[in-house]
Structures are given as structure tokens and as C-alpha cells.
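Student: Pasting a predicted model and its sequence here:
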Amino acid sequence: MNYRKMTAVIAGTVFLLSAPAATTFADEITYDSDTAIGGITLLLDEYYNATKQEAQDEIYVGGIQMKAVHRVPSPYENLGIANVKNYVNIRSGPSTDYKVVGKLYKGCVANILGYEGDWVKIQSGNVKEGYIKAEYLLIGWDAEEKIEQYCDKLATVNCSVLNVRSGQGTDFSIYEKIPRGESYYVANEYEEWVEIILGQDDRTGKEKTGFVAKEYIDLSYEFQYAITIEEEQAKLAAEAAAKKAEQERLKKLAAEQAAKKAAEEAAKKAAAKAEADAAKKELENQKNLTTEAAKKRQEVASYAIKFVGNPYVWGGTSLTNGADCSGFVQSIYKQFGYTIPRVAKDQAKSAGYSTVKPTLENLLPGDLIFYIDSKGVVDHVAMYIGNGKIVHAANKKKGIVIASYNMRTPYTARRVIQ
């Protein structure tokens, strides 16, 4: 019997399909690309079931010879994702007898270097070589199926300035413009548009989103990697240092307030000076105030940076346990003896002593920069730290971070320290 062979690529596998030729007809039977080949989907399902037990060179299903000649690997064939409740230890060798050299937390990824029995040899982050038991990793197709569950998708602007619209289409209004290189988390992906997370609304705690054309962004997954034991110890030390800095600042504030009160009492007892001497002293004090104010602004900005990496909590005011954007700047200034309103909308009206134009020429470290939503209402605040950068409590995913001052279009600014 003569056979005619065809090649099909299905589910990442190339198959040679051999079927009996129709010898009883004068015309040769042909197949179009849109023509189904005798229940091929069902046959492939049966094929996969048949090959679960043992791989074979040739398998006959439903009377058709099927021979797998090549399997295209998953793009994540050499990637493992930690499938655990919290974390899995990375050991220096393929046994629990070996020392722990790092930790791979839930959803973090590792490069697969090889296999030794039930153990997988991996590399992740600064863990150059280690071992994890295979049962704690999703690899290849398993990893591909779960990657969106464990890893956040990012959209990075690849044009000079990208319009953010209120809906999917150029007919919708523009309420943000974001520059090249800025990255945002993806909320939803559609055929031609992507909904991105712009921030967290200070008034409601809800995520603020907008739509961008897919052709002007690069999509990627944000992978988190393993942490070495040394890195974990350094992280814990940094957290302890931040907490200590907060406690020391509160202690210093209490001392400053006590000294201020004592100075005020002493001032009440001081004799009045001559008008000429008072005027002269006032000018000298004003000159000193300008110098001291500049130092104080820099001190405030430097102190705020110490809490980068700490969590965002809507409604929170704790610099270590979590704060939202307005709670963060309010708590920073409170520890330097300044009282400002609680929410961003009110801070934009009355925080500090003056309104400042939010441009690089006018901004000083410590100034508060405000941003608005599509309705023109202030919904976010950040602290300017110099060199075009801000520190702010961004959202639940990012926490307290440093970013460009024009990550969104600045609306206005306020200067707290005169």
C-alpha cells in the first residue's frame, strides 16, 4: 500500500501524518490549509493521552500513523516559578543536608541549569548556583500557564510622549501624557489597547487607570528573583535602620519642641530693645533664616528617602508599616514640627505658606507636587527631592518609591518651609 505524508504543527509539536492513498480513484486527493483532516483534533487528544505513559517513535491512533519528529519547547522551558505558600529554601547541593544559600519566594523565578534526581539546579538573582526540589517549581508549559498569575505585566512607553485616554479609541479624551521610558503595570490587555495603572486615588484608595495604544508600548513581565541569605540579612538590617531613624527623629523632635518652649519662655522675660537695634537684628535673622531653611529642606528630603521600599497602605500614616501618598508627606513634615492637612486635595490648597509653579526652575527639595485626575480634582501628592526626582507612596504594588517628577503631568506645588 502506498502512503502520502503531510506535516502538521499542533500544540508545539510537529507531526508527520501518514494516511493510505486513495488508489481506487484516478484523481489524487488533496487537502487545503483550511480543511480538517479526519477528526485530527480528537486524534491528537487521544495521542496526548497515549503518550502520557511512555514516549514512542511511532503511534497509531484511529488507524493513522503519527510520528512525532520534533517538539518545539515552551519559551519558558528553562524557567522555573516558585509554586509555594511562602518561600522555598535554595540549598548548596541536591539534599536537605546541604546548607541554605538563599530563598525563592512565591511567584519568583529561576533559570533552570539542570536536574539531579528529584532536585533542580537553578540560578536566580545573586544566587549563582543552588538546588530546589522539583516539586516546588513550575517549569516549561506549567510555568507558561501560570505566569500571568504569578508575574505582573508591564507596559513601557517607546515613543517620545504617549497620550493616555479615558477609553479604547482616539475619540476618547486625553487626560495624561507620559514620557518615553516610563513603565506602568497593566490592568487589562485588549486587541489594540492596554489599560494601565497610573496610580492610587488618595481620596478613595481605588486604582487610577487609563488606556494607551498597544503600538506605542513594549509589553513585558516583571520577574522577581531569589534573595541570598546575605541579602535577606541586609534587608532586615535596612528595615531596622529605618525604624531606628524614625524613633530617633521623634526623640529629636520632642527635644526640639522642649527647647523651643524654653526659648519662648525666656523671650517673654527679655527686655525690649531699641527700635534701631531690633530692625538690624531682624535683617540678620532673615538672612540666617534663608540659609537655615535651605538646610532644613534638604534634611526633610533626605529623611523621606530613608523610607523607600516601605509599603503603601491607603489611609495609613505610618512611615514603616504603611502610608498613602498624603499620609506619607504629612508624617514626614510632622516629625520636623510642621502641621499640614491630611489629604492631598486639602494639602494643595493650604499646606505650607505659598504656592509654587511645578517646574524644575521653581521647585526646591521638600516642595510638595500635586497631580489631578481627568475631572481636574487633586488625587495624588509627592515630595520633590531635587534633580527632577520625587519620593512618594505610589500604590499597593510599588509602595514608597523614587520617580521622575513628571511621571504624570504636575498640576501645582506648595512650599512648606519658608
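Tutor: Happy to help now that I have it.

Student: The host helix or strand of Y221 pairs with which strands?
Tutor: Y221 belongs to strand 217-222 when assigned by DSSP states H and E. Strand 217-222 has these partner strands in its sheet, going by DSSP bridges: strand 152-157 (antiparallel).

Student: Can you show me the CA trace of the strand it pairs with as PDB?
Tutor: These are the backbone C-alpha positions of strand 152-157, laid out as PDB (Å, rounded to 0.1, in the frame of the first residue of the first chain):
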ATOM      1  CA  ASP A 152       2.900  41.300  36.800                       C
ATOM      2  CA  LYS A 153       2.800  42.600  33.200                       C
ATOM      3  CA  LEU A 154       4.500  45.900  32.500                       C
ATOM      4  CA  ALA A 155       3.900  48.500  29.700                       C
ATOM      5  CA  THR A 156       6.900  50.700  28.800                       C
ATOM      6  CA  VAL A 157       6.400  53.700  26.600                       C
END
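
Student: Give me the mean pLDDT for it.
Tutor: Averaged over strand 152-157, pLDDT sits at 94.

Student: who's in contact with it?
Tutor: 178-186, 189, 194, 196, 212, 216-222, 397 (CB atoms under 8 Å, 6 or more residues apart in numbering). Heads up, the C-betas are built off the backbone N, CA and C, glycines and all.

Student: mind redoing it with 10 Å?
Tutor: 107, 147, 162, 164, 178-189, 194-197, 212, 214, 216-224, 397 (CB atoms under 10 Å, 6 or more residues apart in numbering).

Student: picking up where we left off before, just give me how far whatever helix or strand comes next after the strand holding Y221 sits from the chain centre.
Tutor: For strand 217-222, the following helix or strand on the C-terminal side (DSSP H and E) is strand 227-228. On the basis of CA atoms, centre = their mean, to the nearest Å, strand 227-228 is displaced by 19 Å from the centre of the chain it belongs to.

Student: what helices or strands is the next helix-or-strand element following strand 227-228 leaning on?
Tutor: Remark: after strand 227-228, the chain's next helix or strand is helix 229-269, criterion DSSP H and E. Contacts defined by 3 or more CB pairs under 10 Å, 6 or more residues apart in numbering; DSSP states H and E place helix 229-269 against strand 87-91, strand 100-105, strand 227-228, helix 275-305, helix 325-334.

Student: Centre of the chain to the helix or strand where H380 lies, how far?
Tutor: Secondary structure assignment for H380, by DSSP H and E: strand 378-386. Mean C-alpha position of strand 378-386 versus that of the full chain (CA atoms, centre = their mean) differs by 19 Å.

Student: Give the rounded mean pLDDT of that strand.
Tutor: On average, strand 378-386 scores 95.

Student: Show the buried residues in the contacts of strand 152-157.
Tutor: In the contacts of strand 152-157, burial by neighbour count holds for 107, 147, 162, 164, 178, 182-187, 194-197, 212, 216-217, 223-224, counting by 16 or more other CB atoms under 10 Å.

Student: Out of the residues you listed, list just those in strands.
Tutor: Applying DSSP state E to the buried ones among the contacts of strand 152-157, the entries found in strands are 162, 164, 178, 183-187, 194-197, 212, 217.
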